[in-house]
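next input, structure requested:
(one chain, ligands or ions: 3)
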Amino acid sequence: MQTISFPGETPGQLLAAMRAQNPLVQNITNFVAMNIAANVMLAAGASPAMVHTQEEAGEFARIASALTVNIGTLSPDFLMGMKEAAKAAGETGKPWILDPVAHFATGYRRAATAELMELKPAIIRGNASEIIALAGSRSSGHGVDSGDPTEAAEGSATALARQSSAVVAVTGEVDFVTDGHRSARIMGGSDLMPRVTALGCSLTCLVGAFAATRPEKPFEATVAALAMFAVAGGQAAAEASGPGSFSPVFLDRLAALSPEALDAEARITGA
Ligand SMILES: Nc1ncnc2c1ncn2[C@@H]1O[C@H](COP(=O)(O)OP(=O)(O)O)[C@@H](O)[C@H]1O
Ligand SMILES: Cc1ncsc1CCOP(=O)(O)O
Ligand SMILES: [Mg+2]
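Ligands and ions are numbered 1, 2, ... in the order given. Now for the predicted structure:
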């Protein structure tokens, strides 16, 4: 494996830029994730707004710097708001990020995800089972949790990136990011992370914050956000005694993580 080089900016430099911008990010996420995702973003240095109803979601997307869309607790009103917001983001040149939570589980979710994919997300972030199924293959997902390892999803992620022109991120014990041509793996984190609900959803929101800061570099922005989670997650696990104590320590580690420490501790390789 080769160490990936960042000819432009390192993940630490992107973190510093994100904090300096304190980007306003609109998140249409699920009821489970709303609170922890907003806290994760505030701790990391972004400004979250959870705005989802169809009456205002499109209007709000025009003032936000990025949009994230998560179908975890989907309803007709949420879906209308998602589509309005994604259209507005597209019209105003803002990046939007899709988290296709358990999209394979029901016909309603499958149809909604197909409609959202037509609106061209800049970045898609999911667990391995979600990405395998989104690329059209058979996955072992059970509800919102993955039943597949990341390595089983790498081919699907690359095919999906090429077909959709989106950057695709697969998370799990190892994370994999690809734009269909360049790929990276990010190591770190903790096996406590999938035992705390909505951390994947929160990560999708954080990807939105980095993409807001560098909309022209969705691959680098995604790698930086995942590296931040991996480093802060590993640090938090060293202090935690289980999933309950992990959550507050994780917020503290996100807030305290310096750009220098991110660059020193991130384990990123070209894939
Ligand atoms: N076994 C693991 N070891 C280390 N980190 C993990 C592990 N499983 C998940 N993570 C991390 O947890 C975060 C959420 O990812 P994941 O659990 O895959 O998403 P989701 O909650 O959508 O299923 C990511 O930062 C990922 O790297
Ligand atoms: C438990 C649950 N049910 C519907 S959405 C949701 C949260 C899923 O969060 P994540 O995908 O980050 O594990
Ligand atoms: Mg998820």
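
for Lys83, see how far away Ile63 is.
Separation of Ile63 from Lys83 (C-beta to C-beta, to the nearest Å): 18 Å. C-betas here are computed from N, CA, C, even on glycine.

to clarify, my last question referred to Ser241.
43 Å.

what's the answer for Thr178, then?
In this structure, Thr178 lies at 26 Å from Lys83, with C-beta to C-beta as the measure.

so which of the two has more stuff around it?
Thr178 (25 against 19; other C-beta atoms under 10 Å).

can you show me the strands along the stretch 51-200 of the chain?
Taking DSSP state E, counting those that start in this stretch as the criterion, the stretch 51-200 of the chain contains strands spanning 66-70, 96-99, 123-127, 167-171, 175-178, 183-187.

would you turn those into a markdown table with distance to ligand 2 and mean pLDDT?
What follows is the strands of the stretch 51-200 of the chain, written out as a markdown table (distance: least, C-beta to the nearest ligand atom, whole Å; pLDDT from 0 to 100):
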| stretch | distance to ligand 2 | mean pLDDT |
| --- | --- | --- |
| strand 66-70 | 8 | 99 |
| strand 96-99 | 7 | 98 |
| strand 123-127 | 7 | 98 |
| strand 167-171 | 9 | 98 |
| strand 175-178 | 14 | 98 |
| strand 183-187 | 17 | 98 |
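
any chance of the ones you listed in TSV, with distance to Ser137 too?
Output for those, formatted as TSV (distance: least, C-beta to C-beta, whole Å):
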stretch	distance to Ser137
strand 66-70	22
strand 96-99	18
strand 123-127	13
strand 167-171	13
strand 175-178	15
strand 183-187	18
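
would you format those strands as CSV with distance to ligand 3 included?
Converted to CSV, these look like this (distance: least, C-beta to the ion, whole Å):
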stretch, distance to ligand 3
strand 66-70, 8
strand 96-99, 6
strand 123-127, 5
strand 167-171, 8
strand 175-178, 13
strand 183-187, 17
